[in-house]
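Colleague: The sequence isn't on hand, but the structure is:
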């Protein structure tokens, strides 16, 4: 999967980006819909599960197993757990990023959305050891997921996450969105070293 990540990076050479669409068809040939600036072809609506009906207030919608949005593949958790793990802004509020997992991908006349269950925050008695490292994109969370679903629009998603078991009750969620910022060069023993902050 390192190849897929590299092909999605801005630093990927243009010649490889040109063949990325062929690569996506080979690696994930069953993607239902591409959510970009182009119109989505019509698909038959179906009756949707009761928990989704209560959340989006409709009885029928188009359900998807996969979508591509801005070059990234998102799936529901029942299809592929890894591609369902996301870091997102709840209610489009841009100051808090929360990890969660996509339960449903749906489409109505208003567009495509995800329904997500987020990982519960830590108990106040258990400090997050990563909080003191703001440039390392890791967070410690409870392994438990919220009981309720929430709607997340694709544009509210920051990135996919990787998760590791930290303890029987906790996970580490690491953002897979890697932003490189060039820093001023430093000199060491007469050598100039260019630094990059990840």
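Modeller: Yep, it's here. Values in this document were obtained by computation on a predicted structure and should not be read as measured data.

Colleague: For residue 128, give its distance to residue 14.
Modeller: Between residue 128 and residue 14 the distance, using C-beta to C-beta, to the nearest Å, works out to 40 Å. Heads up, the C-betas are built off the backbone N, CA and C, glycines and all.

Colleague: again with residue 107
Modeller: Distance of residue 107 to residue 14, computed by C-beta to C-beta: 32 Å.

Colleague: When the two are compared, which one has more neighbours?
Modeller: Regarding residue 107 and residue 14, a neighbour count based on other C-beta atoms under 10 Å identifies residue 107 as having more, with 20 against 6.

Colleague: Please tell me how far that one sits from residue 53.
Modeller: Distance of residue 107 to residue 53, computed by C-beta to C-beta: 15 Å.

Colleague: And for residue 151?
Modeller: Residue 151 is 13 Å from residue 53, by C-beta to C-beta.

Colleague: And for residue 62?
Modeller: Counting by C-beta to C-beta, the gap from residue 62 to residue 53 is 14 Å.

Colleague: Who has more neighbours out of those two?
Modeller: When neighbours are counted by other C-beta under 10 Å, residue 62 and residue 53 differ, and residue 62 comes out ahead with 18 against 14.

Colleague: Report the beta-bridge partners for that one.
Modeller: Taking DSSP bridges, one obtains residue 107 as the residues bridged to residue 62.

Colleague: is it true that it touches residue 106?
Modeller: Yes - when contacts are counted by C-beta atoms under 8 Å, residue 62 is listed as touching residue 106 (6.8 Å).

Colleague: which residues in this protein form helices?
Modeller: Secondary structure of the chain by DSSP state H: the helices cover 2-8, 14-18, 20-27, 50-56, 81-84.

Colleague: Appreciated, that's everything.
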